[in-house]
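**Student:** Generate a structure from the sequence data that follows.
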Amino acid sequence: MRIQAFTGETARIASHLLPDNASSLTNNIDFIRGTLKPIGQPLLVISNPFGTGSAPTVKTLYRSSAGKYIAWAGDVNVARSPTPDDGLERIYWTGESAPKMASVTNIIAGMGSAMMAFVPSGLTNTLGVPAPTAAISGTVSGSGTGTALARQYVYTWVTTYGEESAPSSPSAVISVQSGQTVSLTITSSTAPTNTTKVRIYRTDAAGDWRYLVELTYGTWAYSDTLDDVWLGEALATTGWVPPNAGLQGLKSGPNGVLCGFFGNTVCFSEPYAPYAWPVAYQFITDYPIVAVCANAGGWLVATTGTPYFIAGSWPGQMSMAKINQNQACVSATSMVDMGDYVIYAAPSGLVSARGMDVQLISRDAVTRDQWQGITPSTLKAYAWENRYIGFLSSGSGFMFYPEKGYFANIGYSYTAAALDWTTGNLLAYKAADGVVRQWNGGSADTLTWRSKRFSFEQPVNIGVVRLDADWGVSSPVYPATFNLYVDDAVSPTVTASIYDNTPARLPGGFRGNYFVAEIVSTHEIRSVSLGRDMSELMAS
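**Tutor:** Numbers count the residues shown, from 1 in each chain. As a prediction, the model looks like this:
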């Protein structure tokens with residue numbers, strides 16, 4: 001009997017019904033090559049990321065372009081700025097009371113030699129630029145010619161980041177002739193933090209709002225003598241309100257759009273203006289929303305009930321449809337962008353969503369009861385090398401292979417991780433370690449693999465085993481341990497140390513109808529052959 005082209009765990013199927021190459025138990029194995037390949041041990045990357053003091057709890061990490069990390073003690077959703085780089089590396093996040101933003105460049109400037117830091121409160125700004133609360137006023141002076149035209153004025157706030165608010169309420173209607181001067185006065189001087197400029201707009205002869213002038217914040221008067229021909233661009237920020245204070249689940253998508261939600265309401269930002277969230281860009285679901293993510297051709301909205309798909313890439317042209325699948329999301333941190341599709345945890349397993357196509361992709365691997373046994377509500381997941389990596393509160397985790405539909409257990413769990421986009425490495429942290437480690441970055445870990453339950457009509461003795469493996473350089477430590485469980489024994493009936501690729505004889509004195517083979521090794525195993533004697537082994 002020769003076992004090769006190994007596959008991962010599909011616990012839904014009883015062990016004796018599994019294919020011969022399937023696994024009934026795995027730990028720290030990567031099946032990407034069809035072999036039993038040990039994953040790499042977590043590689044120490046940063047030994048004391050916070051510089052000094054004890055290791056704090058961290059549940060969210062953001063890796064900056066400079067290689068340093070911004071940390072949060074809670075589960076937050078962080079989005080990069082979709083606007084062209086201005087040297088500030090702005091980030092936006094939800095999950096800490098009201099939505100916030102900060103400059104990573106400014107945060108790093110104060111970190112010194114530390115590689116990780118929480119966001120200082122002094123560098124945090126509430127996301128959004130509220131509109132002015134009072135209207136501008138104007139008085140006409142001087143003599144003019146021609147027909148008097150009706151005119152109104154509004155003004156907006158502009159922050160140091162170039163963010164512009166929605167306009168104030170319009171001024172009273174003013175009749176103005178060519179050549180006359182309108183003396184404008186801004187009576188409200190209360191503005192959001194970081195406001196540096198004031199922009200004034202007025203109506204032209206067609207009644208359209210157009211740019212008049214930009215003033216330094218604190219300058220509250222201006223004399224308007226311009227004719228319409230000298231006016232600038234049209235006012236673009238009408239309806240650009242700050243996000244709802246309860247906005248959650250922030251995610252970035254194509255065309256400079258951010259998406260979030262509060263309650264049953266999905267919200268979108270103005271393209272390339274992450275501080276502006278027009279009410280016209282909102283959609284209402286039947287169930288409370290758990291998480292959102294950009295999907296193929298739109299956005300997947302996971303709720304406590306059925307999922308929804310919002311088609312389109314431009315908020316003003318989007319449409320929403322309910323997906324007729326009862327696949328609720330049980331963990332916001334389980335939702336992962338896998339490229340052109342999304343995976344999240346549902347009550348019965350892992351769900352894949354590509355556009356309107358929603359499938360329970362783990363249906364052949366686990367039952368609902370088995371899935372509930374790992375407490376999926378605690379799942380925190382990440383994409384890595386086309387695999388779905390899930391960390392659990394139990395201290396362990398798993399890899400799921402979406403294209404194959406099976407699992408592989410891993411003996412590690414972390415409270416926070418971030419993908420290094422420059423290398424593709426997954427960097428992880430937990431307070432119990434207080435260090436940053438690269439997932440799968442170190443020397444080979446110890447793998448454990450257990451076969452299906454093989455059965456024979458008559459009691460037999462398995463007398464010979466051969467492991468075809470990449471043993472590498474010889475070592476005084478045994479490269480692998482082979483265990484054989486006979487007739488459903490709890491402990492191994494036979495244990496043998498395997499040195500190389502030559503067949504190894506097993507101790508005699510046992511016969512049985514049922515056998516389960518187990519391998520423990522730090523080497524990649526290409527195949528395992530079992531036989532009652534040497535001739536049977538060689539024939540396999």
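**Student:** List the residue ranges of this structure that fall below the pLDDT cut-off.
**Tutor:** Along the chain, segments meeting pLDDT under 70 span 188-189, 472-478, 540.
**Student:** per the record, what domains does the protein have?
**Tutor:** Domain assignment for the chain by automatic domain parsing gives 2-7+446-539, 45-126, 136-230, 248-378.
**Student:** Show me which of those has the highest average neighbour count.
**Tutor:** Each of those was scored by mean neighbour count; the highest is domain 248-378, a mean of 19, by mean count of other CB atoms under 10 Å. C-beta coordinates here come from the backbone N, C-alpha and C atoms, glycine included.
**Student:** what about the helices in this structure?
**Tutor:** 104-109, 368-372, 534-539 (DSSP state H).
**Student:** sorry, back to before: would JSON lines of the domains of the chain with distance to Ile410 be doable?
**Tutor:** What follows is these, written out as JSON lines (distance: least, CB to CB, whole Å):
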{"stretch": "domain 2-7+446-539", "distance to Ile410": "10"}
{"stretch": "domain 45-126", "distance to Ile410": "18"}
{"stretch": "domain 136-230", "distance to Ile410": "42"}
{"stretch": "domain 248-378", "distance to Ile410": "13"}
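**Student:** Out of those, the one nearest Ala416 is which?
**Tutor:** Ala416 lies closest, by CB to CB, to one member of those: domain 45-126, at 4.5 Å.
**Student:** So for the closest one, first residue to last residue, what's the gap.
**Tutor:** 33 Å (CA to CA, to the nearest Å).
**Student:** got it, and stretch 301-312?
**Tutor:** 13 Å.
**Student:** ok, now stretch 229-240?
**Tutor:** Span of stretch 229-240 from end to end, CA to CA: 27 Å.
**Student:** Can you give me every residue that contacts the nearest residue to Asn27 once chain neighbours are set aside?
**Tutor:** Closest residue to Asn27 apart from its sequence neighbours, by CB to CB, 6 or more residues apart in numbering: Thr448 at 4.2 Å. Listed by CB atoms under 8 Å, 6 or more residues apart in numbering, the contact set of Thr448 reads 25-29, 518-520.
**Student:** biggest separation within these, which pair?
**Tutor:** Longest span within the contacts of Thr448, CB to CB: Asn28 and Glu518, 13.8 Å.
**Student:** center of the protein - which residue?
**Tutor:** Closest to where the C-alpha atoms of the chain average out (CA atoms, centre = their mean) is Val336, at 5.2 Å.
**Student:** who does it bridge with?
**Tutor:** Val336 has these beta-bridge partners by DSSP bridges: Ile343.
**Student:** Leu36 too?
**Tutor:** Bridge pairing for Leu36 - DSSP bridges - gives Ile525.
**Student:** Pretty sure it sits against Glu524.
**Tutor:** Yes: here Leu36 lies in contact with Glu524, judged by CB atoms under 8 Å, at a distance of 6.7 Å.
**Student:** one step back: got JSON lines for the contacts of Thr448, with distance to Pro42 too?
**Tutor:** Below are those laid out as JSON lines (distance: CB to CB, whole Å):
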{"residue": "Leu25", "distance to Pro42": "22"}
{"residue": "Thr26", "distance to Pro42": "18"}
{"residue": "Asn27", "distance to Pro42": "15"}
{"residue": "Asn28", "distance to Pro42": "11"}
{"residue": "Ile29", "distance to Pro42": "16"}
{"residue": "Glu518", "distance to Pro42": "24"}
{"residue": "Ile519", "distance to Pro42": "22"}
{"residue": "Val520", "distance to Pro42": "19"}
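**Student:** between those, which is closest to Asn194?
**Tutor:** Using CB to CB, Asn28 comes nearest to Asn194 of the contacts of Thr448, at 49.2 Å.
**Student:** Skipping adjacent residues, who's closest to that closest one in space?
**Tutor:** Asn28 sits nearest to Asp445 (CB to CB, 6+ apart), 4.5 Å away.
**Student:** give the contact list for that neighbour.
**Tutor:** Going by CB under 8 Å, 6+ apart, Asp445 touches 28, 38-41, 411, 522.
**Student:** cool, Ile13 as well?
**Tutor:** Contacts of Ile13 (CB under 8 Å, 6+ apart): 22, 364.
**Student:** Show the contacting residues for Gly509.
**Tutor:** Gly509 neighbours (CB under 8 Å, 6+ apart): none.
**Student:** how close does the residue nearest to Ala71 when sequence neighbours are not counted sit to Tyr69?
**Tutor:** Excluding the flanking residues, the one nearest Ala71 by CB to CB, 6+ apart is Val58, at 4.6 Å. Distance check for Val58 against Tyr69: by CB to CB, to the nearest Å, it reads 9 Å.
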